[in-house]
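[1] Got a predicted model here, sequence first, then my questions.
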Amino acid sequence: MIALFAPDAAATDAIGAAIAGHLRAGDIVTLEGDLGAGKTALARAIIRARLNEPNLEVPSPTFAIVQPYRGIVHADLYRLADESEIDELGLIEDENDIVLVEWPERAPSLMRRPGLGIAIGMGAAGNGRVLSVIARGREPKGLADALAPWRVEETQ
């Protein structure tokens, strides 16, 4: 596990850019955290960096549930009643797409697929964000190096 601290929005954006550079085709990135923890902000940073479009409009997929981009799918599963609904949503239509999933606990099978698991929470006294990054099905070495500026500890 790689533990990070993002003191502000700029740090969250930089962390998202660092993560974007280490994603592989077909990765599932699960984003866990309470309402308002910063899941969408991190997803937005990853999408903008991955597509090299810093001003791209990246709305929250809360109402649309799934928001597709070139090679990336951003989903918010909060309103899912049952995991079987992910098939109807076309969440994984192209096995090469990177899929960013907010509220992945609504579809636990996604949390077992290769990619990254990221938990986001508020920092002490509500300052900044604390992130925990776990690589699933891969060696996280290069990612750990890219995230070093924000790392607070690393455990295996």
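    Arrived safely, thanks for sending.
[2] can we go C-alpha only for contacts and neighbour counts from here?
    Will do.
[3] CA atoms only for stretch 75-82, dumped as CSV, please.
    Extracted C-alpha coordinates of stretch 75-82, given in CSV (Å, rounded to 0.1, in the frame of the first residue of the first chain):
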residue,chain,number,x,y,z
ALA,A,75,-18.6,5.6,-13.7
ASP,A,76,-20.4,6.4,-10.4
LEU,A,77,-22.2,3.3,-9.1
TYR,A,78,-23.8,4.9,-6.1
ARG,A,79,-27.3,4.5,-7.5
LEU,A,80,-26.8,0.8,-8.6
ALA,A,81,-29.3,-1.5,-6.9
ASP,A,82,-27.5,-4.7,-7.9
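[4] So what touches that stretch?
    For stretch 75-82, the external contacting residues (Cα atoms under 8 Å, 6 or more residues apart in numbering) are 60-62, 65-67, 91, 99-104, 106-107.
[5] Could you check it and say which residues are buried?
    Going by neighbour count (16 or more other Cα atoms under 10 Å), the buried part of stretch 75-82 is 75-78.
[6] tell me how far that stretch is from the chain's mean position?
    15 Å (Cα atoms, centre = their mean, to the nearest Å).
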